[in-house]
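Novice: sequence first, then the predicted structure, then my questions.
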Amino acid sequence: ESRQVELMVSDEGAGFDIARLRAREGKAGGIGLFSLRERLEALGGQLRVESGLGLGSRFTLTLPLDGQPIRRENGGLPSA
């Protein structure tokens, strides 16, 4: 069994449209989530983002402790 650490950050704010965020991937002016995802993946981890307008947001960062890549559940970003 792979050991891992998971960090979840959530809020009850305005949220955002994940489809619009995905369309901006790799373009200037983003909020840095794609860079964070790439760094986590390089370490064998993953980033899961869940959000919706008016529903707040939840970011889950997962990193393996044993160097073994984590099986990505649904593509990392976004999940909702």
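Specialist: Yep, it's here.

Novice: ranking helices and strands of this protein by mean pLDDT, which lands last?
Specialist: Among the helical and strand segments of the chain, the one scoring lowest on mean pLDDT, DSSP states H and E is helix 18-23, with a mean of 78.

Novice: how about it: buried residues?
Specialist: For helix 18-23, the neighbour count (16 or more other C-beta atoms under 10 Å) marks 18, 21 as buried. Glycine gets a C-beta too; all of them are placed from N, C-alpha and C.

Novice: downstream neighbour of it in the secondary structure list?
Specialist: helix 33-42 (DSSP states H and E).

Novice: nearest spatial neighbour of residue 57, skipping sequence neighbours?
Specialist: residue 51 (3.9 Å; C-beta to C-beta, 6 or more residues apart in numbering).

Novice: my bad, should have said residue 13
Specialist: Excluding the flanking residues, the one nearest residue 13 by C-beta to C-beta, 6+ apart is residue 56, at 5.4 Å.

Novice: what's around residue 47, how many residues?
Specialist: By the criterion of other C-beta atoms under 10 Å, residue 47 has 21 neighbours.

Novice: what pairs with the residue sitting nearest the centre point of the chain across the strands?
Specialist: Centroid check for the chain by C-alpha atoms, centre = their mean gives residue 47 as the closest residue, at 2.7 Å. Residue 47 forms beta bridges with residue 61, as assigned by DSSP bridges.

Novice: that one and residue 54, how far apart?
Specialist: 22 Å (C-beta to C-beta, to the nearest Å).

Novice: could you do residue 16 as well?
Specialist: From residue 16 to residue 54 the distance is 10 Å (C-beta to C-beta).
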